[in-house]
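Trainee: Attaching a predicted model along with its sequence, questions to come.
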Amino acid sequence: MSKERLYLYDTTLRDGQQTQGVQFSTAEKVQIAQALDALGLDYIEGGWPGANPTDSAFFETAPKISARLTAFGMTKRAGRSAENDDVLAAVMNAGTQAVCLVGKSHDYHVTQALGISLEENVENVRASIAHVVAQGREALFDAEHFFDGYKDNPTYAVDVCRAALEAGARWVVLCDTNGGALPAEVSRIVTEVIAAGLPGDRLGIHTHNDTENAVACSLAAVDAGARQIQGTLNGLGERCGNANLTALIPTLLLKEPYASNFDIGVSVDALAGLTRVSRMLDDILNRVPSKQAAYVGASAFAHKAGLHVSAILKDPSTYEHVDPTSVGNARIIPMSNQAGQSNLRKRLTEAGLSVDKDDPALGRILDRIKRREADGYSYDTAQASFELLAREELGQLPEFFEVKRYKVTVERRKNKYNKMVSLSEAVVVVKVDGEKKLSVSESLDEDGSDRGPVNALAKALAKDLGQYSQVLADMRLVDFKVRITQGGTEAVTRVIIDSEDGQGRRWSTVGVSANIVDASFEALLDAIQWKLVRDAGPQAVVAE
Ligand SMILES: CC(=O)SCCNC(=O)CCNC(=O)[C@H](O)C(C)(C)COP(=O)(O)OP(=O)(O)OC[C@H]1O[C@@H](n2cnc3c(N)ncnc32)[C@H](O)[C@@H]1OP(=O)(O)O
Ligand SMILES: CC(=O)C(=O)O
């Protein structure tokens, strides 16, 4: 049986840019358009030419893409011809293959927002679409507030859409503009609209996520016969966002009945780039990627509970609905107080530690993790600290050096320009290679800015570690997170430090104490030890 074509239309650069706090630069728009094109989207809506300088500049320097680049705008305003509407002219002047115009399909909005008669609005829609088609462009009509309009006045909502189709629109897109429609309602209305004579293969769906149902409503519309879906990467969009293409694309490619029934422009090979594209967008937006995002989140294939892991090790499909590599994601088995021996052995193997199934050290490690998590530690994220703890229990952690003492002071004082500035100074005394070494460091960066007491401590600790200093030269701290948590009955500070090195490795360590400096020092110490285990293990000597 041959598959039917289902078209995907991306509006990240238009409705996605209507997200509060999101403003793409022209260069970022180009980068996103190219990534969407490589994925295989059919249409990429670049923005509203003429509405703002960035959108206009994007169309002026439009990237060469295979997808249909689409300019967005609104139907002509009343009282002037389509040819004489300056807003529409700016949209047409972008010169794109496809033009999508939004227009009213809810009678209430016609009379209230536009203040014109229902007939005049139908004629404005008809004339605007005819104008686009007459200029040799593919025309799309976004029927704004369609579902709310249909519920109030079905005949009028359908008449507006019919006018757009008769004027030559390739697609009429039924929009749930306020995002309040539910899947069963969408299914019923799309079915009725098709029965009323609007052909399903010319109908699209545009949903918003105000009830967390945008993806479900899009699928309901497809089930009922619509053949184009509009959505955005990572579900960006006005208010709560649009239908999330990052969830829809894998669903359409990997789940039945969609996989058997439809051909979408995205190939199975391109799907493997989805997680990367999703993270690229977060990177552009300077957002921390949502761990729990379906398919592409860091936790989408993280198996924490002991029961899950024991089965996963026998067959991953026991607790995974799809193979993580199909969307470019990866399976994670974090360590935590939810773990059993299966998690533990899997994690130890990944760390290069092979332990027999009945080794009593396994029980000791698990006990220690559970006790420490009760005290406020979190090994779920701090996998490097987990590994060090396990090595210690297994007698496989060399004592590279011994910390004899440390201190850090923070001072506020006037600089030479008579401005109050902070300066931290740290002193660390270690015994390494049988020799006691005292290192002092300040918190000031090369440019003179204060980097704080933890930075001073890190510099002092790594400053003179004898034979190991060379190994640590390419290591740097990249993130520092502090959380006040409840350890036992007391409030304690938990510090998580992320480090990376010149070999592209990134690792997280944890420290817990009532005192933030001690918690930070513990996490720093783990960070350095983990690096030394990796790169200086065989040379390690046990301190006297
Ligand atoms: C549902 C959606 O998300 S559609 C996308 C919405 N996106 C945006 O609004 C972002 C870009 N918009 C803009 O930059 C500006 O609104 C512009 C440049 C388009 C227009 O700006 P202005 O001319 O200052 O108008 P303003 O934004 O105040 O109001 C919109 C006007 O368009 C009219 N209008 C709204 N929809 C339509 C339509 N489909 N067809 C014709 N006119 C319309 C409104 O009635 C209003 O007219 P009025 O000022 O005579 O009352
Ligand atoms: C067109 C559009 O973005 C909407 O109706 O939501």
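Mentor: Sure thing, it's come through. Numbering: from 1, shown residues only. Ligands and ions are numbered 1, 2, ... in the order given.

Trainee: Next, count neighbours for the residue in the stretch 301-450 of the chain positioned nearest to ligand 2.
Mentor: In the stretch 301-450 of the chain, the residue that lies nearest ligand 2 is Val327 (26.6 Å; Cβ to the nearest ligand atom). (C-beta placed from N, C-alpha, C; glycine too.) Per other Cβ atoms under 10 Å, the neighbour tally for Val327 reads 24.

Trainee: now do Val440
Mentor: 12.

Trainee: ditto for Gln23
Mentor: Here the number of neighbours of Gln23 (other Cβ under 10 Å) works out to 10.

Trainee: and the chain, which of its residues are near ligand 1?
Mentor: Taking Cβ under 6 Å from any ligand atom as the criterion, the chain approaches ligand 1 at residues 18, 48, 51-52, 74-75, 77, 87, 102-104, 113-114, 144, 177, 238.

Trainee: Please narrow those residues to those residing in strands.
Mentor: If you go by DSSP state E, these have Met74, Val102, Gly103, Lys104, Glu144 in strands.

Trainee: Which residues are in contact with the last one?
Mentor: Contacts here follow Cβ atoms under 8 Å, 6 or more residues apart in numbering; on that basis Glu144 touches Val102, Gly103, Lys104, Ser105, His106, His109, Cys175, Thr177.

Trainee: Repeat the analysis, applying 10 Å as the threshold.
Mentor: Glu144 is in contact with 74-75, 102-106, 109, 113, 160, 173-178, 206, counting by Cβ atoms under 10 Å, 6 or more residues apart in numbering.

Trainee: Derive a PyMOL selection command for the buried subset of the residues you listed.
Mentor: The PyMOL selection below is limited to those of those classed as buried (16 or more other Cβ atoms under 10 Å):
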select buried, resi 74+75+102+103+104+105+106+109+160+173+174+175+176+177+206
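
Trainee: per-residue pLDDT, Glu350?
Mentor: Glu350 is assigned a pLDDT of 81 by the prediction.

Trainee: pretty sure it is touching Gln383, no?
Mentor: Yes: with contact defined as Cβ atoms under 10 Å, Glu350 reaches Gln383; the gap is 8.9 Å.

Trainee: and the nearest residue to Ser378 once chain neighbours are set aside, helix, strand or coil?
Mentor: Nearest non-adjacent residue to Ser378, counting by Cβ to Cβ, 6 or more residues apart in numbering: Val510, 5.9 Å away. Put simply, Val510 is strand when judged by DSSP: H, G, I helix; E, B strand; the rest coil.

Trainee: and if you look at Gln486?
Mentor: Once three-state DSSP is applied, Gln486 turns out strand.

Trainee: can you tell me which residues contact it?
Mentor: Ala374, Asp375, Gly376, Val492.

Trainee: Now, of those residues, which are buried?
Mentor: The buried subset of the contacts of Gln486 - by 16+ other Cβ under 10 Å - is Gly376, Val492.

Trainee: when you check the contacts of Gln486 against the strands, which ones overlap?
Mentor: Val492.

Trainee: Mind putting the contacts of Gln486 into a markdown table with pLDDT and distance to ligand 2?
Mentor: Listed next are those as a markdown table, based on pLDDT from 0 to 100; distance: Cβ to the nearest ligand atom, whole Å:
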| residue | pLDDT | distance to ligand 2 |
| --- | --- | --- |
| Ala374 | 86 | 49 |
| Asp375 | 87 | 50 |
| Gly376 | 88 | 46 |
| Val492 | 88 | 47 |
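
Trainee: Could I get the contacts of Gln486 in CSV, plus columns for distance to Val517?
Mentor: As requested, the contacts of Gln486 are exported to CSV (distance: Cβ to Cβ, whole Å):
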residue, distance to Val517
Ala374, 23
Asp375, 18
Gly376, 16
Val492, 13
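
Trainee: quick one: which of the contacts of Gln486 sit in helices?
Mentor: Ala374 (DSSP state H).

Trainee: Ala523: neighbour count?
Mentor: Ala523, neighbours per other Cβ under 10 Å, totals 29.

Trainee: picking that back up, could you check which of Glu350 and Gln383 is surrounded by more residues?
Mentor: Between Glu350 and Gln383, counting by other Cβ under 10 Å, Gln383 is the more crowded of the two (20 against 12).

Trainee: Could you give the number of residues near the residue nearest to that one when sequence neighbours are not counted?
Mentor: Sequence neighbours aside, Ser508 is the residue nearest to Gln383 in space, at 6.3 Å (criterion: Cβ to Cβ, 6+ apart). As a burial measure, Ser508 scores 24 neighbours (other Cβ under 10 Å).

Trainee: If Ser508 is in a bridge, with which residues?
Mentor: Ser508 has these beta-bridge partners by DSSP bridges: Asp498.

Trainee: Quick check: pLDDT value at it.
Mentor: In this prediction, Ser508 carries a pLDDT score of 92.

Trainee: Correct me if wrong: it contacts Met335.
Mentor: No: counting by Cβ under 10 Å, Ser508 sits too far from Met335 to count as a contact (11.8 Å).

Trainee: Find the residues that touch each one of these two.
Mentor: What both Ser508 and Met335 touch, as defined by Cβ under 10 Å, 6+ apart, is the set Ser378, Tyr379, Asp380, Thr381, Ala382, Gln383, Ser385, Phe386.

Trainee: re the thing from before, check the contact between the residue nearest to Ser378 and Tyr377; I expect there is one.
Mentor: Yes: with contacts counted by Cβ under 10 Å, Val510 reaches Tyr377, the gap being 5.4 Å.

Trainee: what is in contact with these two at once?
Mentor: With Cβ under 10 Å, 6+ apart, Val510 and Tyr377 have common neighbours Ser385, Phe386, Leu389, Arg494, Ile496, Glu522.

Trainee: burial count for the last one?
Mentor: When neighbours are defined as other Cβ under 10 Å, Glu522 has 19 of them.

Trainee: Spell out the secondary structure type for it.
Mentor: Going by three-state DSSP: Glu522 is helix.

Trainee: which residues does Val288 contact?
Mentor: By Cβ under 10 Å, 6+ apart, the contact set of Val288 is Asp282, Ala298.

Trainee: gap between it and ligand 2?
Mentor: Computed with Cβ to the nearest ligand atom, to the nearest Å, the distance linking Val288 and ligand 2 is 27 Å.

Trainee: That residue should be in a helix, yeah?
Mentor: No: Val288 sits outside any helix when classified using three-state DSSP, being coil.

Trainee: returning to that earlier point: out of the contacts of Glu144, which are close to ligand 2?
Mentor: Okay, of the contacts of Glu144 touching ligand 2 (Cβ under 6 Å from any ligand atom), that's Val102, Cys175, Thr177, His206.

Trainee: ok, and the closest non-adjacent residue to the third one?
Mentor: Nearest-residue entry for Thr177: His145, 4.6 Å, with adjacent residues in sequence omitted and distances by Cβ to Cβ, 6+ apart.

Trainee: again with Ile333
Mentor: That would be Lys346: by Cβ to Cβ, 6+ apart, it lies 4.8 Å from Ile333.

Trainee: Tell me the buried residues in the strand or helix carrying the one you found?
Mentor: When elements are assigned from DSSP states H and E, Lys346 belongs to helix 341-350. Within helix 341-350, the residues that count as buried by 16+ other Cβ under 10 Å are Gln341, Ser342, Asn343, Leu344, Arg345, Lys346, Arg347, Leu348.

Trainee: Likewise for stretch 394-409?
Mentor: Leu394, Gln396, Leu397, Pro398, Phe400, Phe401, Tyr406, Val408.
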